[in-house]
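Asker: no sequence on this one, just coordinates:
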């Protein structure tokens, strides 16, 4: 009888251990992120006021190096302090700071679903500049992506590279020598908080309405501003 | 139920109901959601108050019956003893069926009456039947993944990302979607209307005094469903006129690109490649 | 049968092997037909037909591996019809195709219990996320998948929660038969459900699905390939439900023993019958809707894409035409269990038997007429809303009949508070709250604020979890002594009950308030003012999960270690299954019984309704 009981105890123990392992694997699979680890943007100080420089590129296909699971996804990339382009879309920014943003867009145009977003909104004054020229509207059919932080009322459309442009970028990371558009603007962060940002151009090829896949995945076309 | 137990329960129930119902109505009533921010929200509060008032005696009945039955008829002792073989009682059955039926029919009728007054803030589809009389300000709510934008057809079809409404006005909301199913929920105004692609869902709201209200998406629409919210404002009518003018100026450059105002949109691009 | 012989035969092992083999066959066959994709796991150009065919062929391989094709093939080769040789004992029967309804009942109990715990784990993960409004525990897209997994797993599995284990085990016994009408189909329903559960969990390898358990289009058409797992899960569950219902109806209608007229049927059988009718009529509509959704993704049809001529409404209406009877499929067995158990522990006959039956049938009929109350603000034709408000309010009447029959059964009884009784009494409390809040939700003006909010979510948790899951445990504590021959520890059972009851209410009652204050469903973030409520609810939810562990501890300890033999009739019930030994022998009855009354003869002068010649021996 004693040996029967100890076999049962062993059996229950093995079962519990197996359950624990399976639950652990399950939870860790669910937690596996695709670029949602936060990236702290370095802060400069200008006369006591915090200033941040964000340099971003948007690409048509992120490539197997930066995303082995989804090499075909469109994506945002950010340049880190070593000058390397990394695929992180959660950015830590200081509160009450001025943020200067430079975006290099290497992707072609898809067109905006809602042309309203062709009007850049929410940035500082007239700070929206396309290829060095200030402008207050772009053609919605030219839009390739947008950078929008709805909580700040910030929407900036990024026009695309012409279809017949030479030397277009295939897979990320894209070098500045390849065909691209440059967009610069400035905005302010306010109180600390967790603010989402997204793209409003349905640029996900192969999904209905173009809003599937990378458009709904953090680490590609969506992310957070972690304002601290 | 003519037994002494039965009479006791019924008496306690009636007495407690008579006491509890006014208390519940007077104490909880004024705090019932969604508040009195609009005519429709107020209607909902009235409806909720009536329902609470009618359902309180039901709650009291069960709150009296169960403790009484479970304590009085508890069997103590180890031996198994059977109770009396009561299988039916026509009096109880008749009372119960009549009272529950009448209550339910009253609630349905009262709810219908409230609903048909002026829609109670809910989306009524493209052909609403509960339409407030008089002139109405049309405002279109466009839901897209993942933001609400608003168009004012009587002001040149200007589209803005913020909802501002004039006070003391009847507003006719046209809710539609550009992609997935969303739901426009303005909590303090008591408005909820689903946004379906290709469908014009009409809801009416009679704004009252100036206030801020919360707009949320109430239908799962993808990744940022939980973040699809903003605040709207009800402002005095003069302020509204000034605001609309400022929006028309601010969005003047994009006016030529916006599609003509229409009740539904089938926007390009569909399935566009990157 | 020797162990070696067993391993070689058709069993779970061969089933899994052939299932995996089937997956590869389906995947690569579809690949060959549709054309190769860039590489195996890219999303763009991901060959969804391969995924769907992989799953389908995997399920077929799984079923073939279990041996479901053996009998049809034998018949095709000319063998005479026969029931499969039933081995009379051995634990091996539980790991394969067994046509003994009692074995299938126990398989269901363990299988559904397993997936119930997985769904519950997902619920704990959801509440972890909602502890803080501004902090993401899970990547934001994964949270939606977790929400969907919780809801889908629970809804799919618990629809068979009572019919699967307990109706399969006890319906033949209660009607005096030796088997169900279609024993192989009975086994099929179980194994389909198990395959479905595994398929659903594999969604995490294909990107999950963002639609929640309702699968609304066109969000579903837009989703990652993981949504195919959801579609196939529900389609298989739908098939399982339809077959289960068919089997129940056929059995009860045609195989009742002599003397068992309709007015002598135990109320549990009536409840199972009503549920079965709902299953048979509603589940096929779901299968149709899901097939269309799969075609929209795989074959580029446009059933639900309005820009191409389809309609998102079509999906909503098809889904809820199934979805509303579905929730009554969940609720009715609960009613039946409560009305079956209450007379035993109040020691009085069931009061108002015909009223109770009328209530069950009334709910069954009305449940098909109310589905648009889920769509009050979707833009449906406004003329319809008063009608659906009325029909939904009317459903309270037959539901109320269950209440009055239960209450009057308690009245003047001799009530004992054993664990099954406690769970049934809790049903009254929980379902009452659920039902009352349902009245608020059915009232269209009031629904304007509460639709799609946590109020509606708390309502259905009160009716489904507070109703069905509590009665599920009542049935377990009541019937496991009969099914296994061993008692469950009463003291631990009471600890389980009180912790579960307390923490269940503490978890879900505040959610009514959260809903009233404006928190929508399925959101990862909420207004800061609702932080305290959400923290309270999350901690209660963790404790609720803990109470389930108490149950698990009791279950394992009592049945594996303590093994205290249970008497044939520990509760003093007059129903026929308690006149048989525990566990019930393979052939159920020595001789088919003849019935002379219903099983509620408490306090009556006539002799107990042990039918003539029935028992195979009593301890």
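Answerer: Perfect, thanks for sending it. Note that the coordinates shown come from a computational prediction; the quantities given were computed from them, not determined experimentally.

Asker: So what's the residue count around residue 80?
Answerer: Defaulting to chain A. Look at residue A:80: counted by other Cβ atoms under 10 Å in any protein chain shown, it has 15 neighbours. Every residue, glycine included, has its C-beta placed from N, CA and C.

Asker: My question was about chain B, not that one.
Answerer: The burial count for residue B:80: 12, using other Cβ under 10 Å.

Asker: Now it. Nearest residue, chain neighbours left out?
Answerer: Residue nearest to residue B:80 in three dimensions, not counting chain neighbours: residue C:572, with 4.7 Å by Cβ to Cβ, 6 or more residues apart in numbering or on different chains.

Asker: surely that neighbour meets residue C:344?
Answerer: Yes. Under the criterion of Cβ atoms under 8 Å, residue C:572 lies in contact with residue C:344, with a separation of 7.0 Å.

Asker: tell me the average confidence for the longest strand along chain A?
Answerer: The single longest strand within chain A, with elements called by DSSP state E, is strand A:49-59. Averaging pLDDT along strand A:49-59 yields 87.

Asker: can you tell me if that strand touches chain C.
Answerer: No. On the criterion Cβ under 8 Å from any Cβ of the partner chain, strand A:49-59 is out of touch with chain C, staying 14.1 Å away.

Asker: before we move on, back to that, and the residue nearest to residue B:80, what's its pLDDT?
Answerer: So residue C:572 comes in at 89 (pLDDT).

Asker: Report the separation between it and residue C:416.
Answerer: Residue C:572 sits 9 Å away from residue C:416, going by Cβ to Cβ, to the nearest Å.

Asker: same deal with residue B:20?
Answerer: Distance, residue B:20 to residue C:416, using Cβ to Cβ: 32 Å.

Asker: out of these two, which sits in the more crowded spot?
Answerer: Applying other Cβ under 10 Å to residue B:20 and residue C:416 shows that residue C:416 carries more neighbours, namely 18 against 15.

Asker: pretty sure that one is touching residue B:75, no?
Answerer: Yes. With contacts counted by Cβ under 8 Å, residue C:416 reaches residue B:75, the gap being 5.5 Å.

Asker: Find residues that contact each of these two.
Answerer: Here residue C:416 and residue B:75 have residue C:347 as joint contacts, going by Cβ atoms under 8 Å, 6 or more residues apart in numbering or on different chains.

Asker: helix, strand or coil for residue C:68?
Answerer: Here residue C:68 is recorded as coil under DSSP: H, G, I helix; E, B strand; the rest coil.

Asker: Quick check: beta-bridge partners of residue A:183?
Answerer: Residues in a beta bridge with residue A:183, per DSSP bridges, are residue A:103, residue A:130.

Asker: near chain C, which residues of chain A?
Answerer: Counting by Cβ under 8 Å from any Cβ, chain A sits next to chain C at A:5, A:8, A:11-12, A:23, A:26-27, A:29-34, A:36, A:69-73, A:193-194, A:205-209, A:211-213, A:216-219, A:222, A:224.

Asker: Contacts for the helix or strand where residue B:175 lies next, please.
Answerer: Assigned by DSSP states H and E, residue B:175 falls within strand B:170-177. Identification of contacts with strand B:170-177 by Cβ under 8 Å, 6+ apart yields B:123, B:132, B:134-144, B:165, B:184, B:191, B:193-207, B:263-265, C:379.

Asker: what's the pLDDT at residue C:218?
Answerer: Reported pLDDT for residue C:218: 85.

Asker: How about the secondary structure of it?
Answerer: When classified by three-state DSSP, residue C:218 comes out as coil.

Asker: Give me the residue at the spatial middle of chain B.
Answerer: residue B:190 (5.8 Å; Cα atoms, centre = their mean).

Asker: which residues touch the closest residue to it other than its chain neighbours?
Answerer: Nearest residue to residue B:190 in three dimensions, chain neighbours excluded: residue B:41, at 3.1 Å (Cβ to Cβ, 6+ apart). With contact set as Cβ under 8 Å, 6+ apart, residue B:41 has these partners: B:34, B:35, B:121, B:188, B:189, B:190.

Asker: The helix or strand encompassing residue B:41: what's the following helix or strand?
Answerer: Using DSSP H and E, residue B:41 sits within helix B:39-72. Proceeding N to C from helix B:39-72, the next assigned helix or strand is helix B:90-118, under DSSP H and E.

Asker: so that following helix versus helix B:39-72, what angle?
Answerer: Per axes from the mean of the first three to the mean of the last three Cα atoms, to 10 degrees, the angle that helix B:90-118 makes with helix B:39-72 is 160 degrees.

Asker: what's the average pLDDT for helix B:90-118?
Answerer: The average pLDDT for helix B:90-118 rounds to 92.

Asker: Which residues in it does the neighbour count mark as buried?
Answerer: Using 16 or more other Cβ atoms under 10 Å in any protein chain shown as the test for burial, helix B:90-118 gives B:92-93, B:96-97, B:100, B:103-104, B:107-108, B:110-112, B:114-116, B:118.

Asker: Over to stretch C:379-390?
Answerer: Of all the residues in stretch C:379-390, those buried under the rule 16+ other Cβ under 10 Å are C:379, C:380, C:382, C:385, C:386, C:388, C:389, C:390.

Asker: May I see those residues organised as CSV, with distance to chain B added?
Answerer: Output for the buried residues of stretch C:379-390, formatted as CSV (distance: Cβ to the nearest Cβ, whole Å):
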residue, distance to chain B
C:379, 4
C:380, 6
C:382, 4
C:385, 7
C:386, 4
C:388, 10
C:389, 6
C:390, 4
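
Asker: Tell me which residues touch the residue nearest to the centre of chain B, please.
Answerer: B:34-35, B:37-38, B:40-44, B:120-121, B:205, C:448-449.

Asker: Quick one, which of those residues are buried?
Answerer: Buried residues within the contacts of residue B:190, defined by neighbour count using 16+ other Cβ under 10 Å: B:34-35, B:37-38, B:40-44, B:120-121, B:205, C:448-449.

Asker: hang on, residue B:132 in a strand?
Answerer: No. Read with three-state DSSP, residue B:132 is coil and lies in no strand.

Asker: and the angle for the one helix or strand residue B:21 maps to with helix B:90-118?
Answerer: Per DSSP H and E: residue B:21 is located in helix B:4-28. Interaxial angle, helix B:4-28 versus helix B:90-118 (the same axes, to 10 degrees): 20 degrees.

Asker: quick one: buried residues of helix B:4-28?
Answerer: B:9, B:10, B:12, B:13, B:16, B:17, B:21, B:24, B:25.

Asker: which ones are touching the closest residue to the third one other than its chain neighbours?
Answerer: In this case it means residue B:12. The shortest distance from residue B:12 to any non-neighbouring residue, by Cβ to Cβ, 6+ apart, is to residue B:64 (5.1 Å). By Cβ under 8 Å, 6+ apart, the contact set of residue B:64 is B:9, B:12, B:13, B:16.

Asker: what do you get for residue C:115?
Answerer: C:153, C:157, C:197.

Asker: From chain C, how far out is the most centrally placed residue in chain A?
Answerer: Centroid-nearest residue in chain A: residue A:89, 3.7 Å away (criterion: Cα atoms, centre = their mean). Distance, residue A:89 to chain C, by Cβ to the nearest Cβ, to the nearest Å: 11 Å.

Asker: residues contacting that residue?
Answerer: Residue A:89 is in contact with A:35, A:36, A:76, A:78, A:197, A:218, A:219, A:220, A:221, A:222, A:223, A:224, counting by Cβ under 8 Å, 6+ apart.
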